[in-house]
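Student: Have a look at this fold, sequence not included:
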């Protein structure tokens, strides 16, 4: 983590009326007691970083110019999530070590329920919301990675991926581009190809990357690596029987190999569909889980002092992890709320963490009612990737509405 590579993501909801500070302050206090596993800070020992209980409430602050800024995680007692309010919007930002998008969404839904109740709305209890009075289950605390770990062969080693040739922007680099499309329209187009919305959008993303790769405008880009590879996070709770609210996501990495030539969009859709179906199979994705967890179980790693671990992990990340993907696409899926809340909340969005200097652009999707919100987090001077994605969607008959961005 650094000031640029913050590992912080945001989920937001927009309400019908302005946010009342006194009510949101009380709602945060009530809701945070229901999610005690988020009330932690980062500690450091001789051998490991660890999360320690921290009764300091999360900060409530006004909107900043740049979303997903770094937490002062090394400061003793620093909360690792915060609430941000502006006009009609309530946002929560989490450091990714605490939870993933699914866990953060559960917190936000509960916070919205409590806030709306405090402001006078008559809401009935619903299974869609984790209510403040509901008991906290031990399963919500569990470490899903260790629970479902088994020693398995490592995944096939990946060659380096191609990266976008765009020049990084001067600090502060992060800029968010937002757009909205109809859920029904993209579902209809996806069904024509017999794929899911996620598979269709990842295919559009791949096709946009291929256009940029072969564009004469970007000949100066390094094209020695000809693999286009997109990291697509997977909610592991849908694969393994877990109710954990802690981070429990892995990823699949659908790719196209341009050493074999150019691909039609139909070629890409077919390839992405089969790769994602294969790699989300429990047996296959267990190999990634095994690979992630097995390193920390090695005796040489366990006895290695923390300052050496930090150096090693940093070197490995710079040499390998940040170079094996071209882009990232996260789809949080459909947000479900009780009927009484649906008319009080107009939209949801998720902003992914700022990408590293190799990937340069990250993308996140979330659906609510009949709107699918798309957010790009871009650290470059170019918006060509976004333009290519939106153009493809428009050409497919999907109406794209560009929102206020910055």
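Tutor: Yes, it's here. Values in this document were obtained by computation on a predicted structure and should not be read as measured data.

Student: pLDDT wise, what is residue 254 at?
Tutor: Looking at residue 254, its pLDDT stands at 97.

Student: Does it touch residue 229 like I think?
Tutor: Yes: between residue 254 and residue 229 there is a contact under C-beta atoms under 8 Å: 7.4 Å. Every residue, glycine included, has its C-beta placed from N, CA and C.

Student: Same drill for those two, tell me which one is more crowded.
Tutor: Per other C-beta atoms under 10 Å, whichever of residue 254 and residue 229 has more neighbours is residue 254, with 24 against 21.

Student: Next up, the contacts around that one.
Tutor: When contacts are counted by C-beta atoms under 8 Å, 6 or more residues apart in numbering, residue 254 touches 202, 206, 229-230, 232, 271-272, 275-276, 279.

Student: need these in TSV with pLDDT and distance to residue 162, can you?
Tutor: Output for the contacts of residue 254, formatted as TSV (pLDDT from 0 to 100; distance: C-beta to C-beta, whole Å):
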residue	pLDDT	distance to residue 162
202	98	16
206	98	11
229	97	8
230	97	11
232	97	17
271	98	16
272	98	17
275	97	17
276	97	20
279	94	20
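
Student: from those residues, which is closest to residue 122?
Tutor: residue 232 (40.2 Å; C-beta to C-beta).

Student: any idea where the helices of the stretch 301-406 of the chain begin and end?
Tutor: 306-319, 339-342, 384-395 (DSSP state H, counting those that start in this stretch).

Student: If I average pLDDT within each of the ones you listed, which one is lowest?
Tutor: Of all these, the minimum mean pLDDT falls on helix 306-319 (a mean of 66).

Student: If we ignore the residues flanking it in sequence, what's nearest residue 226?
Tutor: Spatially, and ignoring its direct neighbours in sequence, residue 226 is nearest to residue 258 (4.1 Å; C-beta to C-beta, 6 or more residues apart in numbering).

Student: what about that neighbour, distance to residue 186?
Tutor: 26 Å (C-beta to C-beta, to the nearest Å).

Student: higher neighbour count, the two?
Tutor: Neighbours per residue (other C-beta under 10 Å) separate residue 258 from residue 186, with residue 186 holding more: 22 against 18.

Student: Next one, pLDDT for the more buried one please.
Tutor: We have a pLDDT of 98 for residue 186.

Student: quick one: residue 330 from residue 261, how far?
Tutor: Per C-beta to C-beta, residue 330 is found 29 Å from residue 261.

Student: just the helices in the stretch 101-250 of the chain please.
Tutor: Taking DSSP H, counting those that start in this stretch to define them, one finds helices in the stretch 101-250 of the chain at 101-118, 144-147, 183-192, 197-214.

Student: looking at these, which has the lowest confidence?
Tutor: Among the helices of the stretch 101-250 of the chain, helix 144-147 carries the lowest mean pLDDT, at a mean of 87.

Student: counting contacts, what elements does that one pack onto?
Tutor: Other helices and strands packing on helix 144-147, by 3 or more C-beta pairs under 8 Å, 6 or more residues apart in numbering; DSSP states H and E, are helix 282-297.

Student: distance between the helix it packs on and the chain's centre?
Tutor: Computed by C-alpha atoms, centre = their mean, to the nearest Å, the chain-centroid distance of helix 282-297 equals 20 Å.

Student: since we're on residue 380, how many residues are nearby?
Tutor: Residue 380 has 19 nearby residues by other C-beta under 10 Å.

Student: Make 52 the first number, not 1, from now on.
Tutor: Got it, first residue is 52 now, which makes that one residue 431.

Student: Surely it and residue 411 touch.
Tutor: Yes: using C-beta under 8 Å, residue 431 is in contact with residue 411, at 5.0 Å.

Student: before we move on, back to that, comparing residue 381 and residue 312, which residue is more hemmed in?
Tutor: residue 381 (25 against 7).

Student: Nearest residue to that one in space, ignoring adjacent ones along the chain?
Tutor: Using C-beta to C-beta, 6+ apart, the nearest residue to residue 381 is residue 415, at 4.3 Å.

Student: isn't the one you found right next to residue 426, touching?
Tutor: Yes: the pair residue 415 / residue 426 is scored as a contact, 5.2 Å apart, by C-beta under 8 Å.
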